[in-house]
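> What shape does this take:
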Amino acid sequence: MVTTTGTRDILANTFERTGTGSLLSATVGRWNGLVVFNYHRIGNALESSFDRALFSASQDEFEQQVRFLKRNFDIVGVEDLPRVLHDASSQAVMITFDDGYLDNYEVAFPVLKEYKATALFFIASGFLDDHPIAWWDEVAWMVRMCKLPNLQWKEYFEEPFPLKSEPAIAEAIRQLLLKLKSIPESEAAGFLTQLGAITGTGRCPEDVLDTIWMSWDMVREMRRSGMDIGGHTVTHPVLANCPTEQQRHEIQQSKLRIEQELAEPISAFSYPVGQPDSFTEETKQILAEAGYEWGFSFYGGYCPTSGFDPYDLKRMPVEKRVHRNLFRSIAKLPQLFAKK
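Predicted coordinates:
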């Protein structure tokens, strides 16, 4: 597997531009199994005052990616997983989305329908019920609205964050989110309140929010059109940072709520944040107890047809840095390129 971003980009560009795919495939061997691509938002990141890193692709880029996958691979849904993961000859791909953003319905869904491609949408049920601002979006909003030249928070960071350019702002947001993801869930609200005081913005007011989440009617429409729906907790905490009963509540109640709205059972779940330290063996056991058959992570890799863990099905994040050649290389040769 290619281990550095620079090397991977160079190899992917060479692979696509020179057409050496057959030779490379012969060298590393044929892959079998499932490659899962995961998206969050589709659209123009520069128009958002929230977390721009969540924008996986523009509408045009997403359309190009779906067209490529449709022409070259078997795009599968949840009901196909037993077949795909136990068939030694399979080469399948899956498209997934996390959270439940409105642009999934308004921008991505029409593209999927046009190409008759299915996708699996993991929904945080509380986002659709209560329409809150997600904690990552609130961090981004506070930093972007901050009027200070530097952001200093000595309790957590030795050096101040300069806020004088877009790259500097993006890095400050990234570091703050990494810190927030690492603390116990019980301390998250206090972290956000304190950040609001440090930036001088306070917490994000409700009137700042556009309509950013889908409605249940939209989810039902997508399901009727052949899309799959999965669970993603109620409020999107990092489950490994939660006590057992809170994990159980987040996992079970989101499943019950989605099933209530769809009037049918769901069998797939994706872990919020999805890194190796974002969920535990206990989390996977709670998933099984709740009746989930599949759990999806988010730290790179692909799912071979042997030795896979049904509660740790690996997904490749689609981010702005995943350019055309790299996306295609991940699909064609995941054993080399499927690394976050």
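
> Next one, pLDDT for Arg83 please.
As predicted, Arg83 sits at a pLDDT of 94.

> again, but for Ser306
85.

> Any buried residues in stretch 63-82, and which?
63-66, 68-70, 75-78, 80-81 (16 or more other C-beta atoms under 10 Å). No exception for glycine: its C-beta is placed from N, CA and C like everyone else's.

> of these, closest to Phe269?
Using C-beta to C-beta, Val78 comes nearest to Phe269 of the buried residues of stretch 63-82, at 10.8 Å.

> Do I have it right that the closest one meets Ala268?
Yes: contact criterion C-beta atoms under 8 Å: Val78 and Ala268 qualify, at 5.2 Å.

> anything in contact with each of these two?
Taking C-beta atoms under 8 Å, 6 or more residues apart in numbering as the criterion, Val78 and Ala268 both touch Leu120, Asp228, Gly230, Trp294.

> Go ahead and confirm Val66 touches Val107.
No: in this structure Val66 lies outside contact range of Val107 using C-beta under 8 Å: 11.8 Å.

> Strands along the protein, start to end?
Applying DSSP state E to the chain gives strands spanning 33-39, 41-42, 55-57, 74-75, 91-99, 120-123, 150-151, 161-162, 228-231, 268-270, 294-296, 303-304, 316-317.

> for the fifth one, packing partners?
Other helices and strands packing on strand 91-99, by 3 or more C-beta pairs under 8 Å, 6 or more residues apart in numbering; DSSP states H and E, are strand 33-39, helix 59-72, strand 74-75, strand 120-123.

> List the buried residues of that strand.
With burial defined by 16+ other C-beta under 10 Å, the residues of strand 91-99 counted as buried are Gln91, Ala92, Val93, Met94, Ile95, Thr96, Phe97, Asp98, Asp99.

> show me what contacts Arg83?
Shown in contact with Arg83 (C-beta under 8 Å, 6+ apart): Ser90.

> What's the separation between it and Leu120?
16 Å (C-beta to C-beta, to the nearest Å).

> ditto for Gly126
19 Å.

> Looking at those two, which one has more neighbours?
Per other C-beta atoms under 10 Å, whichever of Gly126 and Leu120 has more neighbours is Leu120, with 24 against 20.

> Return the residues in contact with that one.
The neighbourhood of Leu120, defined by C-beta under 8 Å, 6+ apart, consists of Gly77, Val78, Met94, Ile95, Thr96, Phe97, Met227, Asp228, Ile229, Gly230, Ala268.

> so how far is Phe73 from it?
Distance, Leu120 to Phe73, by C-beta to C-beta: 15 Å.

> Also Leu326?
16 Å.

> cool, and Val66?
11 Å.

> Pull the contacting residues for the residue nearest to Phe327 when sequence neighbours are not counted.
Of all residues not flanking Phe327 in the chain, Gln65 sits nearest, at 5.8 Å (C-beta to C-beta, 6 or more residues apart in numbering). The neighbours of Gln65, taking C-beta under 8 Å, 6+ apart as the test, are Phe37, Ala57, Val318, Phe327.

> how about the residues you listed in TSV, adding neighbour count and pLDDT?
Compiled in TSV, the contacts of Gln65 are given as follows (neighbours: other C-beta atoms under 10 Å; pLDDT from 0 to 100):
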residue	neighbour count	pLDDT
Phe37	24	98
Ala57	24	97
Val318	23	97
Phe327	22	95
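
> ok, so of those, who is nearest Ala290?
Lowest distance from Ala290 to the contacts of Gln65 (C-beta to C-beta) belongs to Phe37, with 25.6 Å.

> Contact partners for the closest one?
Phe37 neighbours (C-beta under 8 Å, 6+ apart): Gln65, Leu69, Val93, Met94, Ile95, Thr96, Arg315, Met316, Val318, Phe327, Ile330, Ala331.

> Distance-wise, check it relative to Val219.
Remark: distance between Phe37 and Val219 (C-beta to C-beta) = 20 Å.

> Arg67 too?
Taken as C-beta to C-beta, the span from Arg67 to Val219 is 25 Å.

> just Glu61 next, same as before
24 Å.

> Who has more neighbours out of those two?
Just comparing Glu61 and Val219: by other C-beta under 10 Å the higher neighbour count belongs to Val219, 22 against 18.

> Test for you: state the pLDDT assigned to the more buried one.
pLDDT for Val219: 98.

> Wait, it touches Ala263, no?
No: between Val219 and Ala263 there is no contact under C-beta under 8 Å: 11.8 Å.

> what sits up against the biggest helix by length in the chain?
Looking across the chain with DSSP state H, the single longest helix is helix 244-262. With contact meaning C-beta under 8 Å, 6+ apart, helix 244-262 is reached by 123-126, 129, 185, 216, 219-220, 223, 229-235, 237, 239, 242, 265-266, 269, 282-283, 286-287, 289-292.

> Repeat the analysis, applying 7 Å as the threshold.
123, 125, 185, 216, 219-220, 223, 229, 231-235, 237, 239, 242, 265-266, 282-283, 286-287, 290-291 (C-beta atoms under 7 Å, 6 or more residues apart in numbering).
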